[in-house]
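[1] need coordinates for the below:
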Amino acid sequence: MKNKYVYTTLLSTTAVSCLFAAEKEKKETVTPNIVIIYCDDLGYGDIGITGHPDIKTPNLDRMATNGIRFTNYYSASPASTASRYALLTGRYPPRAGFRWVLNPDSEQGIHPQEVTLAEALKEKGYATAMFGKWHLGSTKKEYLPLQNGFDEWVGFPYSNDMLPPKYQDIALMCGNDTLELNPDQSFLTEMFTEKATSFIRENKEKPFFLYVPYSMPHTPLYPGKAFLGKSKRGLYGDAVEEIDWGVGQILETLREAGVEKNTIVWFASDNGPWVIQNEKGGSAGLFRDGKGSTWEGGMRVPCFVSWPGRLAPQINEAIVTSMDIFVTSVYMGGGTVPDDRAIDGENIASYLGYTQMPTKEEDTPFFYFGINHQLMAVRKGEWKLHVKTYSQLNIDYYNGKLPLLFNIYTDPSEKYDLADKHPEIVRELTLLLEEKKKEVETTGSWK
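    Residues are numbered from 1 along each chain as shown. Alright, predicted model coming up:
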């Protein structure tokens, strides 16, 4: 039965069937190139197609219109380090064994026994590269990308605001070496894009995995000179519009290299907008709050997928997470998901045209791990239950009342608490939270 959360748009059902039927058999056996473009602090409402009136994002709009737009996509954390850990390992952040945000003074980093997406794909013969922000440990060699599956890396080890005088000089790194300390950040988006496009051209004859985690629109904002002052939205809009340009360059390079029909491209954000930055931060659209919180605005972010000739234009409303990208990408690359540890992501290849794969269960719960990996909320289908809340804005929206229950379908902004009207749903979701907390505690984490 057709998943009720998937809607084909722009083309009639008949046209879509004719256009894509010939590709079905190929989809089951193809080993695609995989590209993940990741933004830092981009909110759900910061793109043209998701509703921003003044930020111009024609490339992202086309990507969303011509491919899959996941409208219920969640990052696994509202904070940078934890969200990147989950994306690259398929595991909820508490399993990492470190706090949710690492800084230059942190002694911990990604555990050597973790299996990253880069490692899993490299084992299957993929060339692997990363250009952008890492943020999974100190500059100790064992914590850096080249020791965790990437053949190439140029970028920052931390967020672009972790600078003197609070921290040491920030290093722009190439592999395990420092290129420059405290570089001019206005060149970063262009440089990461150029590195990405060069990698595509150099590896077009073999399978590749390319990860481009841009360091913006996290503050401080440094749009390139060609974009400075171009957006009505100010510096923030300038930075987003340059990222949109970068996405366009990557997609065009795939086309010119003749590999776009064998390359799946994911675009997403690591967490919601940094709302305490005021006009220097972004917008979560109709969702409440932003980065740092387990309100929808903190973890529900844009997600688009492009695979020309293989994906019919569609809107997919299923609950999908960053951890699903890990599991699905390992499957598509012919790899094996580790079975000696808890893996929280699910294979959603059925949404990407792999007809032999089962569809993700509609009522699979999603757990919101918030500040310092506390389990704070759960969503199952239309219902979301909060048992703890937090906001960087220091706002207690419901004056201490807990638990809070919302119907996310009818109330995506979480305005109308229904806990008192539906005690049976509160009990059901509370039990799910208790079971998950116990499971994470008993399966343990890396130390």
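[2] burial check on the closest residue to residue 40 other than its chain neighbours, number of neighbours?
    Sequence neighbours aside, residue 218 is the residue nearest to residue 40 in space, at 3.9 Å (criterion: Cβ to Cβ, 6 or more residues apart in numbering). Just so you know, the C-beta spots here come from the backbone N, C-alpha and C atoms, and that holds for glycine as well. By the criterion of other Cβ atoms under 10 Å, residue 218 has 25 neighbours.
[3] same question for the one 5 residues further on.
    The criterion is other Cβ under 10 Å. On that basis, residue 223 has 27 neighbouring residues.
[4] residue ranges with poor pLDDT in this structure?
    Filtered on pLDDT under 70, the chain yields the residue ranges 1-29, 444, 446-447.
[5] and if we set it to 50?
    1-2, 8-22, 24-25 (pLDDT under 50).
[6] tell me the domain boundaries of it?
    When the chain is parsed with automatic domain parsing, its domains come out as 6-12+26-352, 366-443.
[7] ranking those by mean neighbour count, which comes first?
    The highest average neighbour count among the domains of the chain, using mean count of other Cβ atoms under 10 Å, belongs to domain 6-12+26-352 at a mean of 21.
[8] quick one on the thing from earlier: what about the residue nearest to residue 40, distance to residue 38?
    In this view, residue 218 and residue 38 are 11 Å apart by Cβ to Cβ, to the nearest Å.
[9] likewise residue 225?
    Residue 225 sits 24 Å away from residue 38, going by Cβ to Cβ.
[10] which residue is the nearest non-sequential neighbour of residue 248?
    The spatial neighbour of residue 248 that comes closest, neighbours along the chain excluded (Cβ to Cβ, 6+ apart), is residue 59 at 3.5 Å.
[11] next structured bit after the helix or strand where that neighbour lies?
    Using DSSP states H and E, the element containing residue 59 is helix 58-66. For helix 58-66, the following helix or strand on the C-terminal side (DSSP H and E) is strand 68-74.
[12] list the contacts for residue 93?
    Contacts for residue 93 were tallied using Cβ atoms under 8 Å, 6 or more residues apart in numbering; they are 76-77, 82-83, 85-86, 100, 369, 373.
[13] re earlier: and the angle from the helix holding residue 59 to strand 68-74?
    Helix 58-66 runs at 100 degrees relative to strand 68-74, counting by axes from the mean of the first three to the mean of the last three Cα atoms, to 10 degrees.
[14] may I have helix 58-66 as PDB, with CA atoms only?
    Output of helix 58-66 as PDB, limited to C-alpha atoms (Å, rounded to 0.1, in the frame of the first residue of the first chain):
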ATOM      1  CA  PRO A  58      16.700  29.600  -6.100                       C
ATOM      2  CA  ASN A  59      19.000  26.500  -6.100                       C
ATOM      3  CA  LEU A  60      17.600  25.100  -2.900                       C
ATOM      4  CA  ASP A  61      14.100  25.800  -4.100                       C
ATOM      5  CA  ARG A  62      14.700  23.900  -7.300                       C
ATOM      6  CA  MET A  63      16.300  21.000  -5.400                       C
ATOM      7  CA  ALA A  64      13.200  20.800  -3.100                       C
ATOM      8  CA  THR A  65      10.800  21.100  -6.000                       C
ATOM      9  CA  ASN A  66      12.500  18.600  -8.300                       C
END
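[15] residues contacting that helix, please?
    With Cβ under 8 Å, 6+ apart, helix 58-66 has contacts from 9-10, 47-49, 244-245, 247-248, 251, 265, 267, 302, 304, 306, 308, 313.
[16] residue 401 sits in which helix or strand?
    Per DSSP H and E: residue 401 is located in neither a helix nor a strand.
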